[in-house]
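Structure, please.
(one chain, ligands or ions: 2)
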Amino acid sequence: MTLTVKDLSVTYETASGRKVLAVADVNITVQVGEFVSLIGPSGCGKSTVLHCMGGMLRPSAGSVAVGGEEIRDPRPERAAFIFQDYSLFPWKSVVDNAAIGLRFAGMPKAERRARALKELELVGLGHVADSYPAELSGGMQQRVAISRALAMEPEILLMDEPFGALDEQSRRRLGIEMSRVLTDTGKTVVMVTHSLDEAIFWADRVLVMGKGPGRIIEELVVPEPRPRRPEFMTDRRFDALRAKLFSLLEVSPAEEPVAVRSAG
Ligand SMILES: Nc1ncnc2c1ncn2[C@@H]1O[C@H](COP(=O)(O)OP(=O)(O)OP(=O)(O)O)[C@@H](O)[C@H]1O
Ligand SMILES: [Mg+2]
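Ligands and ions are numbered 1, 2, ... in the order given. So this is what the prediction gives:
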């Protein structure tokens, strides 16, 4: 179902009682099966928008809806969230970690184990199902977190800098792999990233956010069928999109220099 963000504004109140308008008048429509990436300077409100999409944060004004139904609370079977820090339970096995959402949803043990195993196979982790998170590399742990989200069979996947903690090579390899899985399963995805390459490589559309308060300043369409071959990253069309995105982030209407944490 279509994800619609309409005239979204969020005002935070700080501990000292000061009000901060974090995002203002954000409008986003994500079609079924579409992959949209969200990029912008630190503090511009990307996570804020994503949290509203996941129902973890209530808009101060405007609305977020899935298939016309307004989102008011988190429901992982509708929109599952993947955090940057994996948030796995170290004392639980890989398969139990992947099944944790299903457990909270009340699914019987044998059934949730079978479903979690299926998702782990999909991301190439079937062979470590009975290992523990500490025995896995960062990239593998992140794939467990992705399996856990996919096991809920959500229509929508929300990812906040999912590969932020990984080295360049791992995030590239995992990115290519995940891109295939997500395309095959036809998920609707919104991903926040600081990497220009990632933003372009994964997405059908890149939304660029500007600061002060956060809003969408530009939309870039990536006219290349998914899943994409790694060679797309060395293609001239990719370079052109990257240069465009780079200039947008350089000359953001915000009147302060824009910090792009990871340009590669
Ligand atoms: N709980 C909060 N209370 C007060 N202000 C907040 C709170 N959460 C976020 N903010 C402010 O809202 C703005 C947007 O924050 P947000 O975390 O959405 O940015 P971001 O784009 O995700 O940044 P980053 O790239 O660093 O993760 C920032 O100015 C931040 O200081
Ligand atoms: Mg953030």
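
what about the closest residue to residue 31 other than its chain neighbours, how many neighbours?
Sequence neighbours aside, residue 2 is the residue nearest to residue 31 in space, at 5.9 Å (criterion: Cβ to Cβ, 6 or more residues apart in numbering). In this view, the C-beta of every residue, glycine as well, is placed from N, C-alpha and C. Residue 2 has 15 neighbours, counted by other Cβ atoms under 10 Å.

Compute the distance between residue 2 and ligand 1, please.
Going from residue 2 to ligand 1 by Cβ to the nearest ligand atom, to the nearest Å gives 23 Å.

Pull the residues that contact the host helix or strand of residue 158.
Taking DSSP states H and E as the criterion, residue 158 maps to strand 156-160. Residues outside strand 156-160 that contact it (Cβ atoms under 8 Å, 6 or more residues apart in numbering) are 3, 30, 46-47, 50, 53-54, 66, 78-84, 149-150, 182, 187-192.

Take these and keep only those in strands.
If you go by DSSP state E, the contacts of strand 156-160 have 3, 30, 66, 79-82, 188-192 in strands.

hmm, which two among those residues are most spread apart?
Farthest pair in the ones in strands among the contacts of strand 156-160 (Cβ to Cβ) is 66 and 192. Separation: 18.3 Å.

Neighbouring strands - and their directions - for the strand holding residue 158?
Partners of strand 156-160 in the sheet, by DSSP bridges, are strand 79-82 (parallel), strand 188-192 (parallel).

Which one of the ones you listed has the poorest average confidence?
Mean pLDDT is lowest for strand 79-82 out of the strands paired with strand 156-160, coming in at a mean of 89.

do that strand and ligand 1 meet at all?
No. Counting by Cβ under 6 Å from any ligand atom, ligand 1 is not contacted by strand 79-82; separation bottoms out at 13.5 Å.

contacting residues around that strand?
Contacts of strand 79-82 (Cβ under 8 Å, 6+ apart): 3, 50, 53-56, 66, 71, 74, 101, 145-146, 149-150, 152, 154-160, 162.

Enumerate the residues of this protein near ligand 1.
So the chain meets ligand 1 at 12, 14, 20, 22, 40, 42-48 (Cβ under 6 Å from any ligand atom).

Can you say which of those are buried?
By neighbour count, with 16 or more other Cβ atoms under 10 Å, the residues of the chain next to ligand 1 hold 22, 40, 44-48 as buried.

And the furthest pair within the residues you listed?
Farthest pair in those (Cβ to Cβ) is 22 and 40. Separation: 12.1 Å.

Common neighbours of those two, please.
residue 214.

angle of the least confident helix or strand in the chain by mean pLDDT against strand 188-192?
Sorting the helices and strands of the chain by mean pLDDT, DSSP states H and E puts helix 168-184 at the bottom, at a mean of 81. Here helix 168-184 points in a direction 160 degrees away from that of strand 188-192 (axes from the mean of the first three to the mean of the last three Cα atoms, to 10 degrees).
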